[in-house]
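In: missing the sequence, but the structure's below:
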Ligand code: NIG
Ligand code: FE
């Protein structure tokens, strides 16, 4: 057995609610014992057990590894020119997805795999230890199967998103495309996937089509999650709640009914601050959502169109600066919130029995993640007890 003691931690965020009601479960002058892949002990540094290896945190902060519960990492090409045009005033539209579909279909497995592995290293270096990855840039049976298969090489959190948009070869035949997605494409992709997702939005899929997609996935043993209310208000959030989705993501344009439905449900609302940043849309009011009782997560939505950041610290900084979250809430949303959005109780917390996924910050407190935006504050990262950065 390999044991590592991480000690002299100035501020430890455990996300285990303490007697004082602190949701971040903050401990001062703390230590964590890692045994192989798991956390074995958490407590005061003064009471720490002995271990084969000792890491001195020098009074700095330690948080759980980030759980990035929404990304699209398997794709070819990029859309830098589209971003440039958008910054000059052009509006974001879902149609841009089709240009990435063409570039993805043209890329080899090895090209896609090399790119994907590069993103994983880039994310590890920024403190992310779990990432959910969606398909959605293949949009044919063969290409969607390829994307979920490649994603499954690097994460267990794989989402089949064949219903991302209607591909150009099915233009004006959306219902026929839904037949393909819920039939042969689902058959090919379900063995590699844990989740089923749909882009329920004007310009993508209607609420009726979305329901068909999600119900077909559920019947195959996949769990639902939904893209909704990104480009305007719609019925996607309520559909997600009705079907018991683990998470509904975006929520840029929520109605009062959406908020009430979310607050009364177990469905997490995953906010994607990088999207509003990169599309110049209004930031959702996270303060209002949290005060209404909604469980909020934060994710990057790394993709070549609407949000090409892979930095959870950057998203935390936006959530604090522009969405009304406190630093403690934003860090919770990026760790424990992401874990809830993925239905996981073994990550997003620092507690005995949990996976040893931890981040040592080059800062005395987690507040610095928002206070020092753009500064690389991630000093060291462990995933399953192994240093990955
Ligand atoms: O999550 N909303 C749909 N899908 C992606 C955008 C994909 C793209 O523009 O390529 C998203 O924002
Ligand atoms: Fe997305």
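Out: Thanks, I have the structure now. All values reported here derive from a predicted model rather than from experimental measurement. Ligands and ions are numbered 1, 2, ... in the order given.

In: Residue 349: what's it in contact with?
Out: Residue 349 makes contact with 14, 15, 16, 25, 64, 335, 336, 339, according to C-beta atoms under 8 Å, 6 or more residues apart in numbering. To be clear about C-beta, it is placed using only N, CA and C from the backbone, and glycine gets the same treatment.

In: can you tell me which of the residues you listed are in strands?
Out: Applying DSSP state E to the contacts of residue 349, the entries found in strands are residue 64.

In: Tell me the spatial nearest neighbour of residue 207, not counting adjacent residues.
Out: residue 235 (4.2 Å; C-beta to C-beta, 6 or more residues apart in numbering).

In: Domain map for this protein?
Out: Structural domains of the chain, as assigned by automatic domain parsing, span the residue ranges 3-65+348-387, 67-341.

In: Mind putting these into CSV with mean pLDDT?
Out: Formatted as CSV, the entries for these read as follows, by pLDDT from 0 to 100:
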stretch, mean pLDDT
domain 3-65+348-387, 98
domain 67-341, 98
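
In: of all these, which gets the most neighbours per residue?
Out: Between the domains of the chain, domain 67-341 has the highest mean count of neighbours, a mean of 21, where neighbours are mean count of other C-beta atoms under 10 Å.

In: does any part of it sit near ligand 1?
Out: Yes: for domain 67-341 and ligand 1, the contact criterion (C-beta under 6 Å from any ligand atom) is met by 96, 97, 100, 199, 227, 230, 275, 301, 303, 304, 305, 306.

In: show me what contacts the second one?
Out: Okay, so that is residue 97. Residue 97 sits in contact with 136, 137, 164, 165, 305, where contact means C-beta under 8 Å, 6+ apart.

In: Please tell me how far the most centrally placed residue in the chain sits from ligand 1.
Out: For the chain, the residue whose C-alpha lies nearest the mean C-alpha position (C-alpha atoms, centre = their mean) is residue 69; its distance is 2.1 Å. As defined by C-beta to the nearest ligand atom, to the nearest Å, residue 69 lies at a distance of 12 Å from ligand 1.

In: what do you get for residue 378?
Out: Residue 378 is 24 Å from ligand 1, where distance means C-beta to the nearest ligand atom.

In: Now for the closest residue to that residue other than its chain neighbours: which residues touch it?
Out: Across the structure, with C-beta to C-beta, 6+ apart as the measure, the residue nearest residue 378 apart from its sequence neighbours is residue 127 (4.4 Å). Each residue near residue 127 by C-beta under 8 Å, 6+ apart is listed here: 63, 65, 66, 312, 313, 359, 378, 381, 389.

In: For the top helix by length along the chain, give me every contacting residue.
Out: When the chain is scanned for its longest helix (criterion: DSSP state H), the result is helix 109-124. Outside of helix 109-124, the residues within contact range by C-beta under 8 Å, 6+ apart are 68, 71, 73-76, 104, 131, 133, 146-147, 150-151, 153-154, 302, 310, 381, 383, 388-389.

In: so residue 28 bridges to which residues?
Out: For residue 28, the beta-bridge assignment (DSSP bridges) gives partners residue 11.

In: Next, find the distance separating residue 83 from residue 89.
Out: 12 Å (C-beta to C-beta, to the nearest Å).

In: Restricted to strands, list the contacts of helix 109-124.
Out: Secondary structure from DSSP E places 68, 131, 133, 381, 383 of the contacts of helix 109-124 in strands.

In: Which single residue in the chain comes nearest to ligand 1?
Out: Minimum separation of the chain from ligand 1 (C-beta to the nearest ligand atom) falls at residue 305, amounting to 2.1 Å.

In: if you skip the residues just before and after it, what's nearest to that residue?
Out: The spatial neighbour of residue 305 that comes closest, neighbours along the chain excluded (C-beta to C-beta, 6+ apart), is residue 96 at 4.8 Å.

In: Look at that neighbour and give its secondary structure.
Out: Under the three-state scheme (DSSP: H, G, I helix; E, B strand; the rest coil), residue 96 adopts helix.

In: Okay, and the beta partners of residue 228?
Out: The bridge-partner assignment for residue 228, based on DSSP bridges, gives residue 200, residue 250.

In: Might you report the residue contacts of it?
Out: Taking C-beta under 8 Å, 6+ apart as the definition of contact, the neighbours of residue 228 are 200, 201, 234, 236, 237, 239, 240, 248, 249, 250, 251.

In: Next up, the contacts around the residue nearest to the second one when sequence neighbours are not counted.
Out: I take that to be residue 201. Among residues not flanking residue 201 along the chain, residue 231 sits closest, at 5.4 Å (C-beta to C-beta, 6+ apart). By C-beta under 8 Å, 6+ apart, the residues touching residue 231 are 92, 93, 94, 201, 202, 203, 252, 253.

In: Contacts only, for the last one.
Out: Going by C-beta under 8 Å, 6+ apart, residue 253 touches 229, 230, 231, 232, 233, 234.

In: Kindly recompute the last result at 7 Å.
Out: 229, 232, 233 (C-beta atoms under 7 Å, 6 or more residues apart in numbering).

In: Specify the local secondary structure of the second one.
Out: Going back to what we said before, that points to residue 232. Here residue 232 takes the coil state, with states given by three-state DSSP.

In: Ignoring the adjacent residues along the chain, who's closest to it?
Out: For residue 232, the nearest residue in space outside its immediate sequence neighbours is residue 253; the separation is 5.3 Å by C-beta to C-beta, 6+ apart.

In: The last one now?
Out: Counting by C-beta to C-beta, 6+ apart, residue 233 lies nearest to residue 253, which is 4.6 Å off, once chain neighbours are set aside.

In: just the strands in the stretch 201-350 of the chain please.
Out: Across the stretch 201-350 of the chain, reading from the start of the chain, the strands by DSSP state E, counting those that start in this stretch fall at 223-228, 247-250, 268-271, 296-298.

In: Output the contacting helices and strands for the shortest one.
Out: This points to strand 296-298. Judged by 3 or more C-beta pairs under 7 Å, 6 or more residues apart in numbering; DSSP states H and E, the packing partners of strand 296-298 are strand 268-271, helix 286-291, helix 312-322, helix 327-334, helix 336-341.
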